[in-house]
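Chemist: need coordinates for the below:
(chains A and B)
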Amino acid sequence: MQDSLLSAVEGFMYPNEIELQWSILIVLYPYITGLVAGAFILASLERVFKVEAVKPTYRLALLTALAFLLVAPLPLQMHLGHPERSLQMYLTPHTSSAMAMFGFVYLWYLLAVLVLEIWLDYRKEIVLMARQASGWKKLLYQTMSLGVDDISEESLAIDQKVGQFLTVIGIPSAFLLHGYVGFIFGSIKANPWWSTPMMPIVFLFSAIVSGIALVLLVYMVFSYINGTRIDMVCVDTIARYLMYAFIIDFTLEGIDLLHRMYEADESFKSLDFMVHTKLFVSQILLQIIFGGLLPIGLLALPQLVAVTERARRGLYLLATSLTLIGILAMRWNVVIGGQLFSKSFLGYTTYKVDFATREGLLPAILLLILPFLILIGLLKLLPPWESTANVHEGEEPRAV
Amino acid sequence: MRHLMKNKVHLFRMAGLFVVGFLVFAGARAVFVPEGFGVYGHYRAGALEDNRAFPLVHAGRAACAGCHGDEPEALKASRHAKVGCEACHGALAVHADDPAKLTPKKPDAKTLCLVCHMANVAKPSGFKQISPEDHPEGVCTECHDPHSPADAPKPAPAPVQKEAAK
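Modeler: A predicted model of the protein is given here:
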C-alpha cells in the first residue's frame, strides 16, 4: 500500500500531500456552477441591456441555467462520505465559513432568482396550458400557475416589471455565486497556485465565457434537432459577445500568468516545472492553445472576412465545443494542478482518475450528462420556442 | 384590499409560498438543531458530556508498570523510552483493570515496526528508518528486542548498509 502510493511521487512530498483529496468531482463543481452563471448572464443581456438580437435564446438560457444549477451541488454531495450532513450547513451555518454562507447564496439564486424569473416569464404559457391540457398535465400546469387564471394585460405587465427587477438583482447574485467558487480557491493562502485575489475574477469571466458558449451550442443543436430555423442574427450576436468575453478572460489569465512570472516568488520554479510536465497537455495544449487561442481565432474570423452562413454555423459549433473543453481544462488545472506539487516545492505527486468508483470518471461523466437530461425535461415542460407553438395551430404546442 | 390584490393574486400566492417555505425551514431548524447547540461555541454542548462518558480504553504506562517489571525497565533505558506501551500493544485498559478478563495478544512485529520505521524522505532525517529490501531479512523481533531495540541484535548480524539513515 505504502509502496504503491510512493511510486506516484517524485522528489519530496509531505505525507498528507501524496494522495489528492479533491478529485475530478471537485473539478466539475466550479465548471457546472460557472455554466450556470454564464448562461444567466447571457439571459440578462436581453432583459436588462435590451439586446433584442439575443432574444431567441433568452428562455433557453434561463432553463439551461436552471438545469445545471440543480446538478451543481451533486458533485460535492458525491464527494462527501456523509452527504446527508451537508444539510447541517443550512441548519447550523457557521458565519466564518465561506462554504456555509454561499450555501444560502445558492438557495437564494435558485429559488428567488431563477425559478421565480422563469415562472414569471412563462406564466402566460402555463395558464394557457392549464386551460387546454387535460388529466395529470392539467393538474401539473394548474399547480404551477398556483391556481391563478389571470393573464390579463395588466397582470402580465406587472410580471414583466417584477421580472425586470429580479434580473437586476440576479446579475450580482450570479456574480456572487461564481465569484465565490474562485473565492474559495483564491483564499487558500497555503497554496500558491490558488492563493491570488485574481482568482474570483478569473473564475467569473471564464464562467461567463463557458455559459455563453454552452447556450450557443445548445441553441444550435436543439434547433437542429427540433427542425427550427437558426436565427443567424442572434447566433452572430452571441458569438460576438462570446469573443469579447473570451478576450477579456484570456487577458485576465494572461495578466495573472505574467504577474506570476515577473514576481517569480519561491513557488514559481515548482509551478513552472509542473506546467511543462504534468500539466502540459491540460494547460498549454487544452486550455491555452486549443481551448483558448483557437476558439478566439475562430470567433474572430467572421469579424474579419466574409464567411457564409453555413460556414459560420460550423465555426461556431467548433468554437463553442472547444471553449467548453478549454474551460473544463482550466478548472482541472486549477483544482488538480493545485494538489500535484508539494508545499516544499521539492516534489510532485500524480493523480490517477479511478473509473467506476464514487469519485471516478464514470460518475463525473454521468454528472455532465444529467443536466442535459434535466434540460430536455424542462424544455418539454416549458417549451421556449414560441414560434413552434404558433406554427402548429390547433394542436398542442410541440415540445422538443 | 381587493384593489391592492387586483392582477397580483399570483404574486401574493407566490409570496405566500415563500413564507410557507421559510416557516418550514424555521420549523425544521427547531426540530433538527440539537438541544444545547451554541451554548459554548459552534457545537452541541451535550457533546462534551457524551465524550466524557466514553469508557477509557488506554491505561497508560504507569499502570502497566504496576504489574509488569522487566519490560518497563528495559524500555526506560532504550531509545523506545518515549514510545508508550500501548502504542505497540494497543489499548489495554480492560487488561490492566483485570488481567483475567483479557490476555493481550503479542503484537505482530512483521507489520508493527514498519508502521514507524519504514523509510520515507518526509520523516526527520535523525529518525531511524530502514528500507526492508536493504535490511537483513527476517521478522524484526528475531534480531531486535522491541523493548530495547539497540541491544546487540541477537544473531550475529550480517553486514548492513546504512542506507536509510542519510
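Chemist: tell me the centre residue of chain B?
Modeler: When chain B is reduced to its mean C-alpha position, the closest residue under CA atoms, centre = their mean turns out to be B:Ala87, at 10.3 Å.
Chemist: just checking, what's the longest helix in chain A?
Modeler: Using DSSP state H to assign secondary structure, the helix with the most residues in chain A is helix A:153-186.
Chemist: list the buried residues for the next helix or strand after it?
Modeler: Using DSSP states H and E, the helix or strand that follows helix A:153-186 towards the C-terminus is helix A:198-226. By neighbour count, with 16 or more other CB atoms under 10 Å in any protein chain shown as the criterion, the buried positions of helix A:198-226 are A:198-220, A:222-223. Every residue, glycine included, has its C-beta placed from N, CA and C.
Chemist: give the buried residues for stretch A:255-263.
Modeler: Of the residues in stretch A:255-263, those buried (16+ other CB under 10 Å) are A:Arg260.
Chemist: in a helix, A:Phe250, correct?
Modeler: Yes. With DSSP: H, G, I helix; E, B strand; the rest coil as the criterion, A:Phe250 is assigned to a helix.
Chemist: any idea how far A:Gly291 is from A:Leu74?
Modeler: A:Leu74 sits 24 Å away from A:Gly291, taking CB to CB, to the nearest Å as the criterion.
Chemist: those two: which is more packed in?
Modeler: The residue with the greater number of neighbours, taking A:Leu74 and A:Gly291 and applying other CB atoms under 10 Å in any protein chain shown, is A:Gly291; the counts read 23 against 19.
Chemist: please tell me I have it right and the more buried one contacts A:Met330.
Modeler: Yes. A contact is recorded between A:Gly291 and A:Met330 when judged using CB atoms under 8 Å, the distance being 7.4 Å.
Chemist: sorry, back to before: for the longest helix of chain A, the averaged confidence score.
Modeler: Along helix A:153-186, the predicted local confidence has a mean pLDDT of 91.
Chemist: counting by contacts, list what that helix packs against.
Modeler: When contacts are defined as 3 or more CB pairs under 8 Å, 6 or more residues apart in numbering or on different chains; DSSP states H and E, helix A:153-186 packs onto helix A:24-48, helix A:98-107, helix A:116-132, helix A:198-226, helix B:9-32.
Chemist: just the CA atoms of the shortest one, as PDB, please.
Modeler: Think helix A:98-107. The C-alpha trace of helix A:98-107 is given here as PDB (Å, rounded to 0.1, in the frame of the first residue of the first chain):
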ATOM      1  CA  ALA A  98     -17.400  30.600   3.000                       C
ATOM      2  CA  MET A  99     -19.000  27.300   2.000                       C
ATOM      3  CA  ALA A 100     -21.800  27.700   4.600                       C
ATOM      4  CA  MET A 101     -22.600  31.300   3.700                       C
ATOM      5  CA  PHE A 102     -22.600  30.500   0.000                       C
ATOM      6  CA  GLY A 103     -25.000  27.700   0.600                       C
ATOM      7  CA  PHE A 104     -27.500  30.400   1.200                       C
ATOM      8  CA  VAL A 105     -26.400  32.300  -1.900                       C
ATOM      9  CA  TYR A 106     -27.100  29.100  -3.900                       C
ATOM     10  CA  LEU A 107     -30.500  28.800  -2.400                       C
END
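Chemist: so what does it touch, helix or strand wise?
Modeler: Other helices and strands packing on helix A:98-107, by 3+ CB pairs under 8 Å, 6+ apart, are helix A:88-91, helix A:153-186.
Chemist: would you mark the buried spots in it?
Modeler: Going through helix A:98-107 with 16+ other CB under 10 Å, the ones that come out buried are A:Phe102, A:Gly103, A:Val105, A:Tyr106.
Chemist: which non-adjacent residue is nearest the residue in the stretch 1-150 of chain A positioned nearest to chain B?
Modeler: When scored by CB to the nearest CB, the stretch 1-150 of chain A has A:Val148 as its residue closest to chain B, at 3.9 Å. The shortest distance from A:Val148 to any residue other than its chain neighbours is 3.9 Å, reached at B:His10 (CB to CB, 6 or more residues apart in numbering or on different chains).
Chemist: neighbours of the one you found, how many?
Modeler: Counted with other CB under 10 Å, the burial measure for B:His10 works out to 23 neighbours.
Chemist: which stretches of the chain have low pLDDT?
Modeler: No chain specified, so I'll use chain A. Per-residue confidence of chain A (counting by pLDDT under 70) places the weak regions at A:1-6, A:386-400.
Chemist: you looked at the wrong chain, it should be chain B
Modeler: Low-confidence regions of chain B, defined here as pLDDT under 70, cover residues B:1-2, B:151-166.
Chemist: quick check: residues of it near chain A?
Modeler: By CB under 8 Å from any CB of the partner chain, the part of chain B that sits against chain A consists of B:6-11, B:13-14, B:17-18, B:21, B:25, B:28-29, B:32-33, B:37-38, B:42, B:118, B:120-122.
Chemist: what about A:Val71, how many residues nearby?
Modeler: Neighbourhood size, A:Val71 [other CB under 10 Å]: 23.
Chemist: any buried residues in the longest helix of chain A, and which?
Modeler: A:155-156, A:158-159, A:162-163, A:166-167, A:170-171, A:173-186.
Chemist: again, but for stretch B:90-105
Modeler: In terms of neighbour count (16+ other CB under 10 Å), stretch B:90-105 has its buried residues at B:Leu92, B:His95, B:Ala96.
Chemist: list phi and psi for the first one.
Modeler: B:Leu92 has phi and psi values of phi -130, psi 30 when expressed as degrees, to the nearest 10.
Chemist: thought it was touching B:Leu102?
Modeler: Yes. Between B:Leu92 and B:Leu102 there is a contact under CB under 8 Å: 7.5 Å.
Chemist: what separation do you get for A:Lys51 and A:Phe222?
Modeler: To be clear, residue A:51 is Val; Lys isn't right here. Relative to A:Phe222, and taking CB to CB, A:Val51 is found at 21 Å.
Chemist: ok, now A:Ile284?
Modeler: Computed with CB to CB, the distance linking A:Ile284 and A:Phe222 is 33 Å.
Chemist: swap in B:His147?
Modeler: Taken as CB to CB, the span from B:His147 to A:Phe222 is 75 Å.
Chemist: next: A:Val115.
Modeler: Distance of A:Val115 to A:Phe222, computed by CB to CB: 21 Å.
Chemist: now do A:Phe104
Modeler: Summarising the geometry, the distance separating A:Phe104 from A:Phe222, computed by CB to CB, is 33 Å.
Chemist: and what of A:Tyr58?
Modeler: A:Tyr58 is 14 Å from A:Phe222, where distance means CB to CB.
Chemist: check contacts around the nearest residue to B:Ala28 once chain neighbours are set aside.
Modeler: Leaving aside its chain neighbours, B:Ala28 sits nearest to A:Leu91 (7.0 Å; criterion: CB to CB, 6+ apart). Neighbour list for A:Leu91: B:Ala28, B:Arg29, B:Phe32, B:Val33 [criterion: CB atoms under 8 Å, 6 or more residues apart in numbering or on different chains].
Chemist: got a markdown table for those residues, with distance to A:Asn16 and neighbour count too?
Modeler: Putting the contacts of A:Leu91 into a markdown table (distance: CB to CB, whole Å; neighbours: other CB atoms under 10 Å in any protein chain shown) gives the following:
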| residue | distance to A:Asn16 | neighbour count |
| --- | --- | --- |
| B:Ala28 | 36 | 13 |
| B:Arg29 | 36 | 13 |
| B:Phe32 | 33 | 13 |
| B:Val33 | 33 | 14 |
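Chemist: could you identify the pair within these that is furthest apart?
Modeler: Farthest pair in the contacts of A:Leu91 (CB to CB) is B:Ala28 and B:Val33. Separation: 8.7 Å.
Chemist: go through the host helix or strand of A:Arg331 and flag the buried ones.
Modeler: Secondary-structure element containing A:Arg331, defined by DSSP H and E: helix A:309-335. For helix A:309-335, the buried set under the neighbour-count rule, 16+ other CB under 10 Å, comprises A:312-313, A:315-317, A:319-320, A:322-335.
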